[in-house]
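Student: here is the input, now give the coordinates:
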Amino acid sequence: MSKEFDFKDALSDLLDQAAINGNRLKASDIEFYFSDLGFSHEQLNHIYAYLMASGVHIDGLDDNPQIEAERDQFAKAAHDSMEEQGKGSSDSEKKEEKVEDSMIVKLYEEELAEVEKMTRAEEREILDKIIDEENIEQIAKAYVERKLPDVVKIAREYKVEGEYLEELIEEGNIGLMMAVKELSEQGLDTDLGEDADPVEFIEDRISKAMQDYIDNELTTSDQGNAMAAKANFVSDAAKRYKEEHGENPTTRELALYTNLTEEEIGDIIRLTSNKLVTDK
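Tutor: This next block holds a predicted model:
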């Protein structure tokens, strides 16, 4: 996804090292271990909190109420997750995975907080250049970097957590890059029509990449989670549509708006018993 996700192996190595050393590590060694990734002081605090929640004592780390509070939050999130899944408190492997995933997304979002935001008008101007001009590699690269926060925002509309959220962000990032490539090579001569808004085209491709992951990659045991994620996404999409157009969408309009089929929309409406559409 980005360098923020490269530290997962390093974190696992640190936990192994801590186990060898009686669950103790030095703060200075941890800081040096992650120095190549360029993490900020605040991001290192997240790592300290995670390690402490995993039972590691950190020598040389001054008392820090913020770190201790976050440690407790990590531990509580892992405990709550295990209870929801009926795994029991002895499932330490699941606990570690859940806490780590939460921290990875948090670090990623903190990196993206530094990204310069775009207005919709500015975004359209950039995409018009990508469509119409040549030698746009640097423009396209800069656009993708500035669009990454929107990918996270779209992924969060599915209201999934842990590894599912991480995977949705990854798939959305890939969808974003492929959409920019498609625009630069083919323009807006797509299934959305030549008059389509380029921003809507990009976000449609991001959503489609995430939905394809939900449809194709989740196992049978996860289908309930997949349907719930889609229901959350469609509900939020219907609310956005009403805010933009002043009325509920039809089933067809909502299907086009979310890149789902009308049949899928109907299944979700029946599942949630919500009136998301109108019969107009």
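Student: next one: stretch 154-162 to chain centre, how far?
Tutor: 6 Å (Cα atoms, centre = their mean, to the nearest Å).
Student: for that stretch, measure first residue to last.
Tutor: 15 Å (Cα to Cα, to the nearest Å).
Student: could you give the mean pLDDT of it?
Tutor: On average, the pLDDT along stretch 154-162 is 84.
Student: of all the residues in that stretch, which ones are buried?
Tutor: 154-158, 160-162 (16 or more other Cβ atoms under 10 Å). Bear in mind the C-beta positions are built from the backbone N, C-alpha and C, glycine included.
Student: now Arg71: phi and psi?
Tutor: Arg71 adopts backbone torsions of phi -60, psi -50, taken as degrees, to the nearest 10.
Student: how about His57?
Tutor: phi -90, psi 130.
Student: pretty sure it sits against Asn23.
Tutor: Yes: with contact defined as Cβ atoms under 8 Å, His57 counts as touching Asn23 (6.1 Å).
Student: residue closest to the middle of the protein?
Tutor: Central residue of the chain (Cα atoms, centre = their mean): Ile169, 3.5 Å from the mean position.
Student: in contact with it, which residues?
Tutor: 1, 105, 108, 151-152, 155 (Cβ atoms under 8 Å, 6 or more residues apart in numbering).
Student: tell me the secondary structure for it?
Tutor: helix (DSSP: H, G, I helix; E, B strand; the rest coil).
Student: repeat that for Leu183.
Tutor: Applying three-state DSSP: Leu183 is helix.
Student: got the contact list for it?
Tutor: Going by Cβ under 8 Å, 6+ apart, the list of residues near Leu183 reads 127, 130-131, 198, 201-202.
Student: how far away from the center of its chain is stretch 22-31?
Tutor: For stretch 22-31, the distance to the chain centre is 30 Å (Cα atoms, centre = their mean).
Student: for stretch 28-44, same thing?
Tutor: Once both centres are worked out by Cα atoms, centre = their mean, stretch 28-44 turns out to sit 23 Å from its chain's centre.
Student: in it, what counts as buried?
Tutor: Buried residues in stretch 28-44 (16+ other Cβ under 10 Å): 30, 33-34, 39, 43-44.
Student: Leu44 contacts Ile30, correct?
Tutor: Yes: with contact defined as Cβ under 8 Å, Leu44 reaches Ile30; the gap is 7.3 Å.
Student: list the helices and strands the helix or strand harbouring Ala142 packs on?
Tutor: Per DSSP states H and E, Ala142 falls inside helix 137-156. When contacts are defined as 3 or more Cβ pairs under 8 Å, 6 or more residues apart in numbering; DSSP states H and E, helix 137-156 sits against helix 92-112, helix 120-132, helix 162-186, helix 198-217.
Student: mind doing that once more with 6 Å?
Tutor: Packing contacts for helix 137-156, counted by 3 or more Cβ pairs under 6 Å, 6 or more residues apart in numbering; DSSP states H and E, involve helix 120-132, helix 162-186.
Student: mean confidence for stretch 201-216?
Tutor: Here the average pLDDT along stretch 201-216 is 90.
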